[in-house]
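J.: The sequence and its predicted three-dimensional model are supplied below.
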Amino acid sequence: MRLLIWLHRWLGAVLGLVLIVLALSGTALVWEEAWIGVPGADAAPADEAKSLAAIVEAARDHAPDLDRITFASDGFGLHQAVYGDGGGVYIDSGGRIADRWQSGWERPELWLFDLHHHLLAGETGEIIAGLVGLAGLFFVVSGAIIWWRTRRTFAFRLWPRRFSRSAIVRQHRDLGIVAAPLLAVLFLTGAAMIFQPVKAALTAPFSEGAPAKHNGGWRIDPGNPAQLLTLAASIYPAARVRRLQFTEEGLVLRLRQDFEWTPNGRTYLRETGGAIVIDAPDGTLDKDAVSEKFYPVHSGKVGGTAWKLALTLAGLALAMLGLFTFFSFWRDPRDRRLRNR
């Protein structure tokens, strides 16, 4: 037990600041659609193929080298176009430019996303964030074991009674056990999106999905977005068109069917030389269907306001747990000793 307490404290002290950054940035991103504040963000989205084709043309007319365009959704009424140089624009339903940027640093939602997912350090930062998530799971499990010895003194407090070492430890212990279930979900889903072994472990009870790709002999003019959008509407009339990507091989259109949780969907129409191949799930609860739910659960893209509030409470609790204990640990040398308290 003494060693477990020592590991819990020292890992928390070393990783505390990273956990605070992940907690606060993630909490802000849960509500990004409410605070982006660009004119037209609260407009109703247009999803007819003809209207979306006009949006694509407006994005292509604005600047060359269009990389992708993410279409408006029920929660956010602007279309986002991103270009090969890193710049981008928001386009309203009338095809007008609502806002533009030359780099992600000019839009808070973009650099916050990069901070939360990659710690502003690309693939290396993503791996570090994943390892911190795995450490977070250790904190949840070890913290619950440590708390069990003192469960009879439990008293829920959002704030320490005073800023003494003992009061901070008690508040940390009791707040942590309350937030533990939600934090475990966040740490597990976050790590599973980064590390294949974690993903495999969580999806192990489910069967492998059937091959999803099929070619129905559909053809369009090569590189013609309007025809691809029209074809998608005829094949999947109930699906929402979410993203159009321009790749070296051709166009890639993403749709979201009703049973999919991922905001941009996992239904793909891929165009190469005019030929269309569809890669789409069928709604079966298999490994891919389960893993598809990690991101929307982690980010609050499902579950409505209630789940967003739950994630907000978890994020703020994690930030508070990290902040108080980090400074308490490094301020008080007694916390750096192996003590059985």
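T.: Now that the structure is in, tell me what you want to look at.
J.: does residue 222 sit in a helix, a strand or a coil?
T.: Under DSSP: H, G, I helix; E, B strand; the rest coil, residue 222 falls in the coil class.
J.: Would you confirm that it contacts residue 276?
T.: No: using Cβ atoms under 8 Å, residue 222 makes no contact with residue 276, being 10.9 Å away. For glycine as for every other residue, the C-beta is placed from the backbone atoms N, C-alpha and C.
J.: Looking only at neighbour counts, state which of those two leads.
T.: Neighbour count, other Cβ atoms under 10 Å: between residue 222 and residue 276, residue 276 has more, with 22 against 13.
J.: Wait, a strand at that one?
T.: Yes: assessed by three-state DSSP, residue 276 belongs to a strand.
J.: give the contact list for it.
T.: Residue 276 sits next to 215, 216, 218, 219, 220, 228, 231, 269, 270 when contact means Cβ atoms under 8 Å, 6 or more residues apart in numbering.
J.: Pairing partners for the nearest residue to the first one once chain neighbours are set aside in the sheet, please.
T.: If you skip the residues right next to it in sequence, residue 215 has residue 277 as its closest partner in space, 5.1 Å away by Cβ to Cβ, 6 or more residues apart in numbering. The residues listed as beta-bridge partners of residue 277 by DSSP bridges are residue 270.
J.: contacting residues around residue 277?
T.: Contacts for residue 277 (Cβ under 8 Å, 6+ apart) come out as 213, 214, 215, 269, 270.
J.: Excluding chain neighbours, give the residue nearest to the fourth one in space.
T.: Closest residue to residue 269 in three dimensions, ignoring its sequence neighbours and counting by Cβ to Cβ, 6+ apart: residue 253, at 4.4 Å.
J.: looking at this, that neighbour is in a helix?
T.: No: counting by three-state DSSP, residue 253 falls outside a helix, being strand.
J.: what is it paired to in the beta sheet?
T.: Going by DSSP bridges, residue 253 forms beta bridges with residue 244, residue 269.
J.: residues contacting it?
T.: Listed by Cβ under 8 Å, 6+ apart, the contact set of residue 253 reads 228, 229, 232, 241, 243, 244, 245, 268, 269, 270, 271.
J.: In CSV, list those residues along with neighbour count.
T.: Formatted as CSV, these follow (neighbours: other Cβ atoms under 10 Å):
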residue, neighbour count
228, 26
229, 26
232, 23
241, 24
243, 18
244, 26
245, 17
268, 17
269, 24
270, 20
271, 25
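J.: Which one of these is nearest to residue 15?
T.: Of all the contacts of residue 253, residue 15 sits closest to residue 243, with 34.2 Å by Cβ to Cβ.
J.: so who does that closest one touch?
T.: Residue 243 makes contact with 68, 69, 70, 71, 253, 254, 264, 265, according to Cβ under 8 Å, 6+ apart.
J.: quick one: the residue lying closest to it once chain neighbours are set aside from residue 294, how far?
T.: The shortest distance from residue 243 to any non-neighbouring residue, by Cβ to Cβ, 6+ apart, is to residue 254 (4.3 Å). Per Cβ to Cβ, to the nearest Å, residue 254 is found 17 Å from residue 294.
J.: Just give me the residue right at the centre of this structure.
T.: For the chain, the residue nearest the mean C-alpha position is residue 299 (4.3 Å; Cα atoms, centre = their mean).
J.: Just name the shakiest helix or strand of the chain by mean pLDDT.
T.: Ranking every helix and strand in the chain by mean pLDDT, DSSP states H and E puts strand 213-214 at the bottom, with a mean of 77.
J.: contact partners of it?
T.: 277, 278, 279.
J.: Of the residues you listed, which is the nearest to residue 121?
T.: Taking Cβ to Cβ as the measure, residue 121 lies nearest residue 279 of those, at 31.1 Å.
J.: Could I get the contacting residues of the closest one?
T.: Neighbouring residues of residue 279 by Cβ under 8 Å, 6+ apart: 212, 213, 267, 268, 270.
J.: Leaving out chain neighbours, which residue sits closest to it?
T.: residue 268 (4.3 Å).
J.: Surely the one you found is in contact with residue 254?
T.: Yes: using Cβ under 8 Å, residue 268 makes contact with residue 254 at a distance of 5.9 Å.
J.: Show me how the record splits the protein into domains.
T.: The chain breaks down into these domains under the TED database: 1-33+112-187+304-332, 39-103.
J.: As a markdown table, these with distance to residue 284 and mean pLDDT would be great.
T.: A markdown table is the format used below for the domains of the chain (distance: least, Cβ to Cβ, whole Å; pLDDT from 0 to 100):
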| stretch | distance to residue 284 | mean pLDDT |
| --- | --- | --- |
| domain 1-33+112-187+304-332 | 24 | 91 |
| domain 39-103 | 25 | 94 |
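J.: To residue 197, which of these lies closest?
T.: domain 1-33+112-187+304-332 (10.3 Å).
J.: re earlier: now the domains of the chain as CSV including mean neighbour count and distance to residue 195?
T.: Conversion of these to CSV gives the following (neighbours: other Cβ atoms under 10 Å; distance: least, Cβ to Cβ, whole Å):
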stretch, mean neighbour count, distance to residue 195
domain 1-33+112-187+304-332, 17, 6
domain 39-103, 18, 26
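J.: That'll do, ta.
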